[in-house]
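1. Mind folding the following:
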Amino acid sequence: MRAAIAFTVALLAGFSLPALPAQPGPPALRAPAQTKPKGRLFPPLDLGLLEGADRDQWQKPEEIMDALKIAEGSLVADLGAGGGWFTVRLARRVGPTGLVYAEDIQPLMLEAIKRRVQRENLANVRTVLGTPRDSRLPKGLDAVLIVGAYHEMEDPVTLLKNAADSLKPQGRIGVVDFSAGAGGPGPEPDQRVDAETVIRGATAASLEVISRETIPPFMFMLVLGKPAPAPRAR
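-> Prediction:
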């Protein structure tokens with residue numbers, strides 16, 4: 001009897017009813033054709049991806065700082081500073097008589113910058129926790145640098161206006177980003193921003209394009225400034 005029961009249980013265990021046909025689900029909702037996802041913020045846990053040994057070669061920080069006329073004693077800001085790779089290079093350029101404001105909207109990024117400048121014994125860096133619409137930079141800056149962060153900004157026009165308000169009359173804003181479809185390091189092609197898009201944003205922020213630079217092989221740079229005041233009528 002026990003053997004018969006065991007055989008029956010085993011038989012039932014190996015028997016399965018035919019699967020019922022799947023019921024069609026609700027139709028998928030399509031996003032409007034004109035909608036394009038915004039670039040996501042770079043995750044702090046992936047900062048190591050930005051620290052390649054060859055970054056100095058393709059980023060060309062000296063050329064970028066020259067284009068912005070950053071010199072010893074300058075007051076500058078690194079807007080969207082991330083882990084501070086460019087921040088420390090700015091700090092070395094401006095020297096002990098200058099000052100660098102490292103701004104980011106992610107507190108973990110600012111913590112990484114603080115540790116970095118402490119390791120490198122730099123006393124001329126101040127961190128600033130901004131918001132998506134307000135960088136909270138001080139007034140009187142000689143230059144504001146935005147490297148690889150423009151495509152992540154929720155409201156770039158407002159941030160450009162804020163940056164311009166922080167500048168001295170002859171101050172400059174440098175926007176450096178990855179060329180569309182250029183490959184190499186950087187975000188995915190559909191998350192990149194082209195130079196013409198940045199120029200339209202600058203125009204909306206009442207800024208002028210002072211110069212347009214190519215940083216081969218992967219990047220472009222736009223140097224922006226405030227328009228000269230109109231001459232007074234005599």
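2. Could you use CA atoms for every contact and neighbour count after this?
-> Fine.
3. which residue is nearest the centroid of this structure?
-> Ala149 (1.8 Å; C-alpha atoms, centre = their mean).
4. which helices and strands does whatever helix or strand Leu224 lives in pack with?
-> For Leu224, the element it lies in under DSSP states H and E is strand 219-225. Strand 219-225 is packed against strand 167-178, helix 195-204, strand 208-215, with contacts defined by 3 or more C-alpha pairs under 8 Å, 6 or more residues apart in numbering; DSSP states H and E.
5. Would you tell me which one of the ones you listed is buried the most?
-> strand 167-178 (a mean of 23; mean count of other C-alpha atoms under 10 Å).
6. Show me what that one is packed up against.
-> So strand 167-178, by 3+ C-alpha pairs under 8 Å, 6+ apart, packs with strand 141-147, strand 219-225.
7. neighbouring contacts of it?
-> 64, 68, 139-151, 163-164, 186-187, 192-194, 218-226 (C-alpha atoms under 8 Å, 6 or more residues apart in numbering).
8. Can I have the buried ones of those as a PyMOL selection?
-> In PyMOL, this line selects whichever of the contacts of strand 167-178 come out buried by 16 or more other C-alpha atoms under 10 Å:
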select buried, resi 64+68+141+142+143+144+145+146+147+148+149+150+151+163+164+186+187+192+193+218+219+220+221+222+223+224+225+226
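9. The helix or strand where Val88 lies: which residues count as buried?
-> In this assignment (DSSP H and E), Val88 forms part of helix 85-94. Across helix 85-94, burial judged by 16+ other C-alpha under 10 Å covers 85-88, 90-94.
10. just those residues now: which is nearest Asp134?
-> Thr87 (19.4 Å; C-alpha to C-alpha).
11. if I look at the closest one, how far off is Val198?
-> The gap separating Thr87 from Val198 is 22 Å, by C-alpha to C-alpha, to the nearest Å.
12. go on, Thr214?
-> Distance from Thr214 to Val198, by C-alpha to C-alpha: 14 Å.
13. Any stretches of this protein with poor pLDDT?
-> 1-52, 182-183, 230, 233-234 (pLDDT under 70).
14. Would you map the helices across it?
-> 2-13, 55-59, 61-67, 85-94, 107-119, 156-166, 195-204 (DSSP state H).
15. by contact count, what packs against the longest one?
-> Counting contacts by 3+ C-alpha pairs under 8 Å, 6+ apart, helix 107-119 packs against strand 99-104, strand 125-129.
16. The longest one vs strand 125-129, what angle?
-> Between the axes of strand 99-104 and strand 125-129, defined by axes from the mean of the first three to the mean of the last three C-alpha atoms, to 10 degrees, the angle is 30 degrees.
17. got the contact list for strand 99-104?
-> 73-82, 84, 87, 90-91, 94, 110, 113, 124-131, 135, 137.
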